[in-house]
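J.: sequence below, structure please.
(chains A and B)
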Amino acid sequence: MKRKRLIVQLILILALVGVSAVLFVIGKGHQLLIDNKRATIDGVRVEAYEWVNVYVNGAKKPIEIEEEDRQLAKIAGPWHHIRIEILEDGKVAKTLEKRFTVGLQNSFLLSLQKIVEGKEDWLTPR
Amino acid sequence: MKTTGKRSFKNLLIAYAVPIMFIGLSIFTIPLSGFSPEYLVQEMVIRLARNSFLVLALLIPIIAGMGLNFGMVLGAMAGQIGLIFITDWNIVGIPGMALAMIISIPISIFLGWIAGNILNRAKGREMVTSYILGFFINGIYQFIVLYMMGKAIPIGNPALVLSRGYGIRNAINLEGIRQSLDNLISLNIGKVQIPVATFILISAFCFFIIWFRKTKLGQDMRAVGQDMEVAEAAGIPVNKTRIISMIISTVLAGFGQIIFLQNIGTLNTYNSHDQTGMYSIAALLIGGATVSHATIPNIFLGVVLFHLMFVTSPMAGKNLIGSAMLGEYFRLFISYGIIAISLVLYAWRRHKEKERARMNLRGNS
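T.: The predicted structure is shown next:
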C-alpha cells in the first residue's frame, strides 16, 4: 500500500517536472531584432530597403522598418511565422512569408537582406 | 412568539452587524465620492477578479477550526519567489503564470507544513501565532531575496539584480505576465470589461471547496473544527488534518498572490505580501464571516464592500474635507478596525451563546 502510494507520488512529481519543462519552452520570451541594414552577402553588397512592413505571428499591425533601421519584436515560444512586405514608392514590391523555430536563447537577429537573398543564416542567436 | 421573532431579528442584526455597518457607510461614501456607477462597477469587477482567490484561500483553515489564517502571507511569499524566477527566465503569458504557480507549490507545501506543525503546538491561539509566524518567515524571505539571490541562487537578468551585484530590486516589472489571465477571455458588457478567464478560475476554486467539504478529508476537517477531542476519540488524526489544511491554504494563497500580481503588473519585492493577509481577512470579515464560520457568499460580499470602501473613501474624504489623505487614513483605519470589531463581536457572541446554554441547562427561558 505504502509502495503504491510512493509510486503514485513519484509519478505526480515527474509529471509536474515534465509540465514545467513544457511550460518553460512554450512560454520562453525572446527578443527578435529585425534588421534592415545594408549587408555584404557572399562578397556582394546588398542595400537596405526603402521601407519594410513585418507582420509577426499574424499581427494585424505591422512593424514598420525604415532604411538602415532596426526594430524589436517580442515573441514567445519556439514556433513563429512572419510576413514581410517590401515597399517601394509606397507600393508593395515584394512579399515573403517564413515559418521559423527559435531555441531557448533570449535574443535573435533577423536579417531582412539575407531572407530576401535566400540565405540559410538569416536568423542568428545574439 | 413575538419575543422569539424579536430575538431572531436581533440575532440576525448581531450576525450581520459588520456587513450592515459597511453597507451603511457605503451609502454615505458613494454619493460623496462623485464616482459614476459605471466606474464603480468596473472597479468592483476588477477587484473581485484580483482578490477573490486570495480570500477563498482562507476558507479551509476556518473549516478545520484554525481561525483566520494570518499565515497566508507565507503562501504569498512562495508565489512571489515563483514570479521572480519566471521573470528572470523570461517566461511570459499564461505558461509563465502556470510555471510560477508550479514553482510556488513545493515552497508553499514546506512553509504550510512548518506553519501547521507550529500551530499544532499553539492550539487555541492559532491566529496570533500565524500572524507572528508571518513576520518570522518574512525575515527568512528577505534574507533569501536580498542576500542569496544573485549570489547563491543564480539570477541572470541584470534588470532584477541590485547594482551591488546581488539581491533583488525593490520593484519588478511583470510585463511578461501582466493581465495575461484577465485578458485571456475578455467580455465587454456596455463599458464594463469582465475578465472571464479569471472568474472561471475563481468559480472552479469555489466548486473545489464545495466538493472538498464533502470528501472524507473535508468531513474530518469539519469534525476537527467542531471539537478536536471528539474528533480524536473518533479516530481522526487531528494534528495531521490540521497540517493538511494549512498546507492547502498556503498553496492556494500562493496561487492567489500570483493572480493578484498578474493583475497589478508590478511586484513590490519586499512589500507586496505584507498586507495580503490583513486585507483578505478584513474583506472576509466584512462579508459577515466569523473566526469559526465562513461561506463562499461571505467572500464575494466582503470583497465588494471592502473595496467599495477602498475606492470611494479617499475621494469622499477629498470632496468632504478637501484632503484625500484623510480618506486614505480612514480606509486604513477601517481595514484594521474592522478586524478588531469582528473579533470583539465574535468573542461577545460566543460569551452570549455560552451564557444562553448555561441558562437553558438551568431550565430558565
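
J.: show me where the chain has helices.
T.: This is for chain A. Taking DSSP state H to define them, one finds helices in chain A at A:2-27, A:112-116.

J.: that answer is for a different chain, and I need it for chain B
T.: B:2-15, B:17-33, B:37-56, B:59-63, B:72-89, B:93-120, B:126-143, B:196-214, B:216-226, B:228-233, B:238-264, B:276-286, B:296-321, B:324-362.

J.: wait, which of the ones you listed is closest to residue B:187?
T.: helix B:196-214 (5.1 Å; C-beta to C-beta). The C-beta positions use only the backbone N, C-alpha and C, and glycine is treated the same way.

J.: so for that closest one, what gets flagged as buried?
T.: B:197-199, B:201-202, B:205-206, B:209, B:212 (16 or more other C-beta atoms under 10 Å in any protein chain shown).

J.: so which residues make contact with that helix?
T.: B:48-49, B:52-53, B:56, B:59-60, B:63, B:181-182, B:184-187, B:218-219, B:222, B:252, B:259, B:263, B:296 (C-beta atoms under 8 Å, 6 or more residues apart in numbering or on different chains).

J.: distance check, residue B:133 against chain A.
T.: Between residue B:133 and chain A the computed distance is 27 Å (C-beta to the nearest C-beta, to the nearest Å).

J.: one more: residue B:143?
T.: Taking C-beta to the nearest C-beta, one finds residue B:143 at 26 Å from chain A.

J.: that residue and residue B:136: what is the separation?
T.: The gap separating residue B:143 from residue B:136 is 11 Å, by C-beta to C-beta, to the nearest Å.

J.: sorry, back to before: adding pLDDT and distance to residue B:160, write the buried residues of helix B:196-214 out as CSV.
T.: Putting the buried residues of helix B:196-214 into CSV (pLDDT from 0 to 100; distance: C-beta to C-beta, whole Å) gives the following:
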residue, pLDDT, distance to residue B:160
B:197, 95, 27
B:198, 96, 26
B:199, 96, 31
B:201, 96, 27
B:202, 96, 30
B:205, 94, 30
B:206, 95, 35
B:209, 94, 35
B:212, 94, 37
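
J.: how confident was the prediction at the residue in the stretch 101-250 of chain B positioned nearest to chain A?
T.: Of all residues in the stretch 101-250 of chain B, residue B:102 sits closest to chain A, at 5.1 Å by C-beta to the nearest C-beta. Looking at residue B:102, its pLDDT reads 97.

J.: distance of the residue nearest to it when sequence neighbours are not counted from residue A:29?
T.: Of all residues not flanking residue B:102 in the chain, residue A:20 sits nearest, at 5.1 Å (C-beta to C-beta, 6 or more residues apart in numbering or on different chains). Distance of residue A:20 to residue A:29, computed by C-beta to C-beta: 16 Å.

J.: of these two, who's got more company?
T.: In this view residue A:20 and residue A:29 are compared by other C-beta atoms under 10 Å in any protein chain shown, and residue A:29 has more residues nearby, 20 against 16.

J.: more crowded one of residue B:143 and residue B:136?
T.: residue B:136 (13 against 10).

J.: ok, the more buried one to residue B:107 distance?
T.: 15 Å.

J.: got the residues of chain A near chain B?
T.: A:16, A:19-20, A:23-24, A:26-30, A:76-77, A:106 (C-beta under 8 Å from any C-beta of the partner chain).
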